[in-house]
Structure formats: C-alpha cells, structure tokens
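Trainee: Just need the structure, nothing else, for what follows:
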Amino acid sequence: MPPKFGTSGLRGLVTELTDEVITAYTSSFLKVCPHGGAVHIARDLRSSSPKIAKIVSDVVQKMGVDVVDHGAIPTPALALVAIGAGQAAIMVTGSHIPADRNGLKFYSPTGEISKSTETKIVFALNSTIYENKGPVGNYSRDKSSIEKYINRYINAFGSKILSGMRIGVYEHSSVSRDSLKETLLRMGADIISLERTEKFVSVDTEAIDNETKTKLHKWCAMLHLDAIVSTDGDGDRPLIADSQGNLIPGDIIGPLAAQVLGANVICTPVSSNTAVDHMGFSQIIRTKIGSPFVIEAMETADGKVVGYEANGGFLLGFNTKMTHGKLHKLMTRDSFLPIITSLTLMHKKSKSLNSIISELPSRFTASGRLQDISTETGQNFITKLSYNSLARSNLFSREVREHKIDLTDGLRVFFEDGVIIHLRPSGNSPEFRCYVEAQTLTFAEKILQSTCEQIASHISVYKSTTKDFL
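Mentor: The predicted structure follows:
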C-alpha cells in the first residue's frame with residue numbers, strides 16, 4: 001500500500017517512502033501552504049528518520065525556503081516553536097506504528113494542517129514540480145526548542161508542584177523520554193527511569209500489550225511508585241498508570257485535565273468515553289476520529305475549549321492561568337499537559353490517581369486492535385455490518401438488544417444495557433480498531449476479547465472468499 005494520509009499525518013512503509021515520494025509530498029506541501037519564510041524540521045528516534053529528515057531539508061532549501069533543524073524532539077515541542085515563530089513545520093515520525101514504517105506530519109504557521117489541506121497536497125502531487133530560480137534557502141540548527149517546551153510547563157505550574165512524588169518514567173524509544181524526565185524533575189518529583197531502549201519500540205497508548213501491562217504492575221510493586229508515565233514514539237500521546245500499574249485511558253485523563261485547566265467546552269471524537277457527558281461541562285462536541293477533526297471543531301467552538309482523544313493526546317484551545325503563571329493555548333496534540341495535570345491533581349488532593357478516578361461516573365473503556373488488516377478490508381467489513389442488523393447480531397452474539405447505531409466514524413453500536421462497541425479500520429496503519437465501553441472494566445475487557453476474536457474469525461473468512469461472509 002503506498003503512503004497516504006491517515007488520522008494524523010502521512011504514513012507508509014519505509015521501503016515505500018522513497019526519495020521521490022518524500023520529495024513530492026514536501027514540495028506539494030510548500031506549494032499549497034504558507035510557510036512564513038522557513039520550515040522547522042524535527043524527527044523521532046526511528047532508524048529511518050534521520051535520512052528522511054535530510055531529504056525533507058534538502059527539498060525545502062532547494063525551493064528557496066529556509067530550514068530550521070531541531071533534531072530529535074517531541075512533536076508538540078516542534079509545533080510550539082514553529083507556531084510561535086509564525087512558520088511552517090514538518091515532523092518526521094511514524095508515531096506509534098511499527099519500526100518498518102514512518103511518516104510526515106505537516107504544520108502551517110498556525111498549527112496542524114486540516115483535512116482539506118491534506119486533499120490539496122494530494123491534488124498538487126500531480127502538478128508540475130516547482131523549480132526555484134532564485135537562491136536556495138538557508139540552513140540552521142536550533143538546540144533551544146526543547147528548553148522552551150519544558151519551560152512552558154515549569155513557568156505555568158512551578159518548580160515544587162510535584163514535591164515528594166515518586167514517578168516512574170517508562171522511557172523505551174520515545175523521543176520525549178529525556179525531556180519528560182527533566183520536566184518532572186524540575187517540578188520536584190523523584191524520577192525512576194524504566195527500560196530505556198536503543199532499538200525503536202512501537203508503543204500504542206490505545207493498545208498496550210499484556211507483556212507491557214505486566215511490567216507496569218511489577219515496577220509499581222517493586223519500586224513503590226505513585227505513578228508511571230510515558231509517551232508514544234513522537235511524544236504527542238501520553239501513557240499514564242496509577243500506583244498499582246493500572247493504565248488510565250486517555251479519554252478519562254482528558255476530562256480530568258480539562259477540569260484542572262478550567263475548561264467548559266469539550267471537543268472529542270465519537271469513540272471517547274461517555275463519562276465526560278456527566279462531569280458538568282457546558283458543551284460536549286463529538287467529532288470524527290483524528291486530531292484534524294478535533295481541531296476543526298475547537299476552532300468554531302465558543303468558550304474555554306479543549307480537545308482530547310481516546311489515545312490521550314490533549315489540545316489546549318485557550319489561554320489560562322495555573323498555580324504559578326500563564327499557560328498559552330497549543331492547538332496540537334500534547335502528552336506533557338495531561339501527564340502534568342494528572343500528577344498535580346494527585347498532589348493537590350493527596351490522593352492516588354485510582355482514588356480520584358473512582359469518583360468519576362462509572363463508565364469504563366477497553367480498546368484493542370487486530371493487526372495486518374488493510375484499511376480496504378476493514379472498511380468493507382464495516383460497510384456490511386452497518387447496513388445489516390442480522391450480521392451485527394451474529395458478530396456480537398449478545399443477548400441484549402441494540403438500542404441504536406452511530407456511523408459518524410466507523411460503526412458505533414449502543415446496546416440497551418449501556419454497553420457500547422465501536423469498530424473502525426485504522427487510518428494510519430493496516431489495523432482494525434475495537435473500543436468497548438461498559439459499567440465495569442472487567443466487563444468491558446471481557447466484551448473486547450470476545451468481540452476481537454469474532455472479528456478475527458469473520459475477517460479471516462472474508463479474506464478467503466468473495467462470498468457474503470455473514
């Protein structure tokens with residue numbers, strides 16, 4: 001499958017992200033988007049990222065535009081400095097997808113590009129390649145960007161806000177690992193580094209494998225941690241576990257962060273936990289899945305608006321004042337803010353994260369993925385289910401009747417007992433996503449397991465025959 005835009009950025013196999021493909025998308029981006037005189041470039045820690053970043057840099061310079069190279073820094077750190085400078089940015093990252101893949105995230109001078117801009121970029125791929133007849137762009141390095149990102153939070157929350165807390169940082173191969181440790185250290189926390197790797201590790205914050213879950217539990221028990229935190233590969237999605245090593249879903253961390261920040265309007269995808277509907281916010285706006293859709297909704301909303309996704313990525317849409325100083329809006333997915341707000345809430349209330357979450361409305365989510373399922377196969381599967389109630393009944397095998405379905409993004413099925421099952425193909429990689437919401441975590445996980453097993457069986461049949469498989 002050739003590289004294409006997914007829920008957030010261009011993604012594809014490294015073998016298919018050829019020099020020609022990278023050149024075409026980079027030049028197309030510059031043809032259709034303003035750049036403010038320069039393009040800021042950064043990358044994650046994949047082995048393929050330095051080469052891709054070099055190609056991007058060369059293309060930008062050949063088109064007469066200056067390049068500011070930030071090296072390996074988190075995506076939100078790149079966005080912060082580029083937006084602050086009023087200039088464009090390109091992040092070389094495959095985010096959470098496997099190491100044999102990579103991608104590009106594009107930013108205009110005002111933030112993440114929209115879906116309509118993605119369409120324009122694709123359309124411009126077929127136009128004549130721009131030939132710069134003037135001088136090439138200048139190249140410079142900026143090593144101060146990560147310090148600006150760290151100071152954003154120190155200046156807002158202060159240097160003692162986490163004093164006395166014992167926090168584990170699961171480092172793996174996240175580009176955020178050093179800056180996250182440094183930020184929490186400067187806030188007064190005691191930091192214990194956990195499992196730093198040189199080889200790239202794919203960490204999907206929505207689908208953590210059982211081996212990693214076991215590690216989290218063991219680390220908390222052995223090291224007496226208040227919490228474990230981490231991010232995905234490019235640092236725009238958080239991973240947060242409580243003192244027992246239990247993972248906290250991003251769509252639970254999101255509304256908690258919103259409360260700490262004083263937000264009154266929430267923009268979040270249709271797949272997010274419905275507990276937020278009962279937490280006293282003025283308005284909840286549901287969107288398709290993907291940060292561009294969340295941002296689009298935030299831009300038209302009135303009030304103190306924030307956005308978040310089930311993967312934990314958090315977007316601040318207004319300027320606010322925290323305990324120590326101002327915190328300015330940042331309209332891109334961020335992992336540090338939901339991590340910091342969760343930890344500061346624990347410190348302020350002198351409660352465990354598990355205790356704080358137990359006070360929320362009793363809605364629990366579990367999510368999983370089936371790999372090596374193409375987007376086309378997944379979409380065809382969804383289409384058949386969407387318009388065939390008998391097919392859905394055969395798949396879910398539940399004694400409880402359906403209440404309604406929602407086709408905003410994939411298939412979301414509401415049952416009369418309050419259970420919600422949401423199915424959709426991934427927009428970033430050949431995976432099929434399943435989200436389950438129920439009254440208890442155990443029940444949600446049980447339904448998730450049985451649903452994934454059924455899906456695997458049905459899609460296997462679908463792949464091997466051209467007949468109607470349900």
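Trainee: where do the helices sit along the stretch 201-350 of the chain?
Mentor: With DSSP state H, counting those that start in this stretch, the ranges of helices along the stretch 201-350 of the chain come out as 210-223, 250-261, 291-300, 336-349.
Trainee: Next, find the distance separating the closest residue to Asn102 other than its chain neighbours from Val56.
Mentor: Among residues not flanking Asn102 along the chain, Gly94 sits closest, at 4.3 Å (CB to CB, 6 or more residues apart in numbering). For glycine as for every other residue, the C-beta is placed from the backbone atoms N, C-alpha and C. Applying CB to CB, to the nearest Å, the value for Gly94 to Val56 is 14 Å.
Trainee: Outline the domain layout of the protein.
Mentor: 4-144, 156-358, 364-464 (automatic domain parsing).
Trainee: Indicate which one of those domains is closest to Ile150.
Mentor: Closest approach to Ile150 among those (CB to CB): domain 156-358, 5.0 Å.
Trainee: Distance from the chain centre to that closest one, please.
Mentor: From the chain centre to the centre of domain 156-358 is a distance of 11 Å (CA atoms, centre = their mean, to the nearest Å).
Trainee: Figure out the length between the terminal residues of it.
Mentor: 28 Å (CA to CA, to the nearest Å).
Trainee: Could you do stretch 407-415 as well?
Mentor: End-to-end span of stretch 407-415 (CA to CA): 15 Å.
Trainee: May I have the helix or strand containing Lys105 exported as PDB, CA atoms only?
Mentor: Using DSSP states H and E, Lys105 maps to strand 101-108. The C-alpha trace of strand 101-108 is given here as PDB (Å, rounded to 0.1, in the frame of the first residue of the first chain):
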ATOM      1  CA  ARG A 101       7.000   2.400   8.900                       C
ATOM      2  CA  ASN A 102       7.400   6.100   9.100                       C
ATOM      3  CA  GLY A 103       5.700   9.300   8.000                       C
ATOM      4  CA  LEU A 104       5.500  13.100   8.000                       C
ATOM      5  CA  LYS A 105       3.300  15.500  10.000                       C
ATOM      6  CA  PHE A 106       2.800  18.900   8.400                       C
ATOM      7  CA  TYR A 107       2.200  22.200  10.200                       C
ATOM      8  CA  SER A 108       1.200  25.500   8.700                       C
END
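Trainee: can you map out the helices along the stretch 1-150 of the chain?
Mentor: Going by DSSP H, counting those that start in this stretch, the stretch 1-150 of the chain shows helices at 19-32, 49-62, 75-85, 115-124, 145-157.
Trainee: Can I get the fourth one as PDB, trimmed to CA atoms?
Mentor: Only the C-alpha atoms of helix 115-124 are listed here, as PDB (Å, rounded to 0.1, in the frame of the first residue of the first chain):
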ATOM      1  CA  LYS A 115      -8.100  17.600   6.200                       C
ATOM      2  CA  SER A 116      -9.000  20.000   3.300                       C
ATOM      3  CA  THR A 117      -5.300  21.000   3.200                       C
ATOM      4  CA  GLU A 118      -4.300  17.300   3.000                       C
ATOM      5  CA  THR A 119      -6.600  17.000   0.000                       C
ATOM      6  CA  LYS A 120      -4.900  20.000  -1.700                       C
ATOM      7  CA  ILE A 121      -1.500  18.500  -1.000                       C
ATOM      8  CA  VAL A 122      -2.500  15.200  -2.700                       C
ATOM      9  CA  PHE A 123      -4.000  17.000  -5.600                       C
ATOM     10  CA  ALA A 124      -0.900  19.100  -6.100                       C
END
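Trainee: now the helices of the stretch 201-350 of the chain in a markdown table, with mean neighbour count and distance to Thr110?
Mentor: Formatted as a markdown table, those follow (neighbours: other CB atoms under 10 Å; distance: least, CB to CB, whole Å):
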| stretch | mean neighbour count | distance to Thr110 |
| --- | --- | --- |
| helix 210-223 | 14 | 36 |
| helix 250-261 | 24 | 21 |
| helix 291-300 | 21 | 10 |
| helix 336-349 | 22 | 19 |
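Trainee: closest to Glu16 out of the ones you listed?
Mentor: Taking CB to CB, helix 291-300 is the member of these nearest to Glu16, at 22.7 Å.
Trainee: What average pLDDT does the closest one get?
Mentor: Averaging pLDDT along helix 291-300 yields 94.
Trainee: Tell me which residues of the biggest helix by length in the chain come out buried.
Mentor: Longest helix in the chain, counting residues (DSSP state H): helix 441-464. For helix 441-464, the neighbour count (16 or more other CB atoms under 10 Å) marks 443-445, 447-448, 451-452, 455, 458-459, 462 as buried.
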